[in-house]
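Visitor: need coordinates for the following:
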Amino acid sequence: MTDQLASFSKTSLRILIGATSIFFLQGCWENPKTQQMPSANALPPAVPSTKKEVPKPVQHALMEFIGYEDDGDYFQFIALKGDSVLHFVNSEVKERNLNRGDLIQVSWKEGTIAMAGDDEAEVPADLLIAVDKIRDGSVSLFRKSYAKDIHFTFSPEQNYSDGYKDKIYLIVEYYLSTTQNKLLKHLIRERAEISYSIEEQNRGGRAYIVIGISGGQNLASPVQWLYIDNENYQLYEYDLPNDELKAYR
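Guide: Take a look at the predicted model:
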């Protein structure tokens with residue numbers, strides 16, 4: 001009897017150990033598809049990017065002043081660098097004390113501006129920071145030496161705005177300050193009266209402002225005809241013998 005009980009106990013123990021092993025192995029080899037993923041709260045937090053946009057460096061260069069354009073969405077400052085005409089968005093320099101041809105030191109940096117419109121898309125732009133005058137240019141020297149106003153006439157039917165007349169005046173003044181016309185140079189040296197007329201004319205399918213410059217004793221007879229493109233304000237000398245326009249820088 002004792003031997004039977006011992007044999008039964010050993011058998012029961014083996015069954016219990018086998019069942020426990022099968023249960024343990026099932027837990028270890030559970031189908032990966034049914035394994036529970038860690039919750040979102042248990043994931044490590046995302047590390048924010050520490051990368052910062054590198055600011056654009058300030059650039060500096062010697063240039064020749066051309067003009068101000070203050071009648072658009074953004075004020076513009078225009079200058080000549082070598083053979084390239086550069087346009088800067090100007091929100092920093094308030095003074096309007098430069099004349100065309102002045103030598104200047106320009107400081108600017110690359111940036112963007114929002115274009116007017118529904119989407120206000122940003123576009124690249126050169127942003128003016130500062131301007132320092134180095135020395136007088138041709139117009140500044142002309143004003144000091146000639147020291148007189150230039151008179152002009154136009155048809156009363158033409159209702160030109162003050163801004164338009166000022167733009168034309170500055171172009172004519174620049175021409176007089178750099179002209180190689182010997183008679184005009186003589187009149188300037190003598191500080192004789194100089195005036196000009198303003199007309200409009202179509203030539204070769206383009207609209208021009210026609211300027212007739214007169215001076216001295218015969219103000220009714222033009223010494224030089226100039227043409228100004230009414231779209232881009234490019235200046236031309238009129239070559240009367242050849243009936244052609246020559247671009248004037």
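Visitor: where in this structure is pLDDT low?
Guide: Scanning the chain for pLDDT under 70 picks out the ranges 1-53, 117-118.
Visitor: off-centre distance for the lengthiest strand in it?
Guide: In the chain, with assignment by DSSP state E, the single longest strand is strand 122-135. How far strand 122-135 lies from its chain's middle: 9 Å, per CA atoms, centre = their mean, to the nearest Å.
Visitor: that strand: what's the following helix or strand?
Guide: Downstream of strand 122-135, the first helix or strand assigned by DSSP states H and E is helix 138-146.
Visitor: which parts of the following helix or strand past that next one are buried?
Guide: Sequence-wise, the next helix or strand downstream of helix 138-146 (DSSP H and E) is strand 151-154. Residues of strand 151-154 classed as buried by neighbour count (16 or more other CB atoms under 10 Å): Phe152, Phe154. Heads up, the C-betas are built off the backbone N, CA and C, glycines and all.
Visitor: name the element Leu176 belongs to?
Guide: Element membership for Leu176, per DSSP H and E: helix 162-178.
Visitor: in what helix or strand does Glu110 lie?
Guide: Under the criterion of DSSP H and E, Glu110 resides in strand 103-114.
Visitor: Glu64 too?
Guide: Residue-wise, Glu64 maps onto strand 59-69 under DSSP H and E.
Visitor: quick one on the thing from earlier: list the buried ones in the strand holding Glu110?
Guide: Quick answer for strand 103-114 (16+ other CB under 10 Å): Ile104, Val106, Ser107, Trp108, Ile113.
Visitor: got a markdown table for those residues, with distance to Asn232 too?
Guide: A markdown table is the format used below for these (distance: CB to CB, whole Å):
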| residue | distance to Asn232 |
| --- | --- |
| Ile104 | 23 |
| Val106 | 23 |
| Ser107 | 28 |
| Trp108 | 23 |
| Ile113 | 22 |
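Visitor: show me the beta-bridge partners of Thr239.
Guide: One thing to correct before we go on: residue 239 is Asp, not Thr. With DSSP bridges applied, Asp239 shows beta-bridge pairing to Glu244.
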